[in-house]
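Undergrad: My questions concern the predicted model and sequence given below.
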Amino acid sequence: IQLTQSPSSLPASVGDRVIITCRASQGISTYLAWYQQKPGKAPKLLIYAASTLQSGVPSRFSGSGSGTDFALTISSLQPEDFAAYYCQQLNGYPYTFGQGTKLEIK
Amino acid sequence: EVQLVESGGGSVQPGGSLRLSCVASGFIFSVSSLNWVRQAPGEGLECVSYISSTSSTIFYADSVKGRFTISRDNAKNSVYLQMNNLTVEDTAVYYCAGGDFWSGYHPWGEGTLVTVSS
């Protein structure tokens, strides 16, 4: 199963509302997770089951979608949110990742 | 504190072998599925292998099938990745991560670097 994230790069400013999309090559129900990765660090789970917020993750992060189209929304960007974001499908092994979206300071 | 710590990475020549280890603490390891995920320098993430809590279910990525072997020792809270016949394409940071299809991958270790070069 292929995942296509858009955009690959996203310039934004603190306070902006941003949306990152992830499209699957076939239906995956809601078996989708979102991760944040900062340089030199391991990925961090933000969202699982497409829309369930991982414990400890700020509520400005939210996920939506089912089937083939998904979105990660950050309601009001904070300085610590500038990082790379990846979606991952968990509908069938191998649990593939999207190519990533780099959220950059405008 | 929930923690995974990898070890065993290093530099090896093509055709060589390495064994990665990952020790867990702070969560009930024996009921947790474990995974190995890798990230080549400057690249994205790739799931390498999965092992269920009882070792009854094991998966591999096609790119490593027949060369890598995942195993676990619940008495030692540890999961392993035996990597044989390594190629330059296996150069990456290898992460150990808990989790399964219903929960996503959490927690993650800090990663261990494997470099395959002549």
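TA: That came through fine. Numbers count the residues shown, from 1 in each chain, chains lettered A, B, ... in the order given.
Undergrad: so where's chain A shaky on pLDDT?
TA: For chain A, no stretch has pLDDT under 70.
Undergrad: That one against chain B: which residues are in contact?
TA: Contacts of chain A with chain B, taken as Cβ under 8 Å from any Cβ of the partner chain, map to A:31, A:33, A:35, A:41-45, A:47-49, A:54, A:86, A:88, A:90-91, A:93-100. No exception for glycine: its C-beta is placed from N, CA and C like everyone else's.
Undergrad: May I ask which helix or strand encompasses the most centrally placed residue in chain A?
TA: What sits nearest the mean C-alpha location of chain A, by Cα atoms, centre = their mean, is residue A:34, with 3.9 Å. Using DSSP states H and E, the element containing residue A:34 is strand A:32-37.
Undergrad: Each with direction, which strands does that strand pair with?
TA: strand A:44-48 (antiparallel), strand A:84-89 (antiparallel) (DSSP bridges).
Undergrad: Which helix or strand lies directly C-terminal to the longest one?
TA: The one in question is strand A:84-89. strand A:101-105.
Undergrad: What lies in contact with that following strand?
TA: Outside strand A:101-105, the residues that touch it by Cβ atoms under 8 Å, 6 or more residues apart in numbering or on different chains are A:5-13, A:18, A:20, A:77, A:81-86.
Undergrad: Please indicate which of those residues are buried?
TA: A:5, A:10, A:12, A:18, A:20, A:77, A:81, A:82, A:83, A:84, A:85, A:86 (16 or more other Cβ atoms under 10 Å in any protein chain shown).
Undergrad: what's near enough to touch the fifth one?
TA: With contact set as Cβ under 8 Å, 6+ apart, residue A:20 has these partners: A:5, A:6, A:7, A:10, A:71, A:72, A:73, A:85, A:87, A:101, A:103.
Undergrad: Can you check the pLDDT for residue B:28?
TA: Among the per-residue scores, residue B:28 shows a pLDDT of 85.
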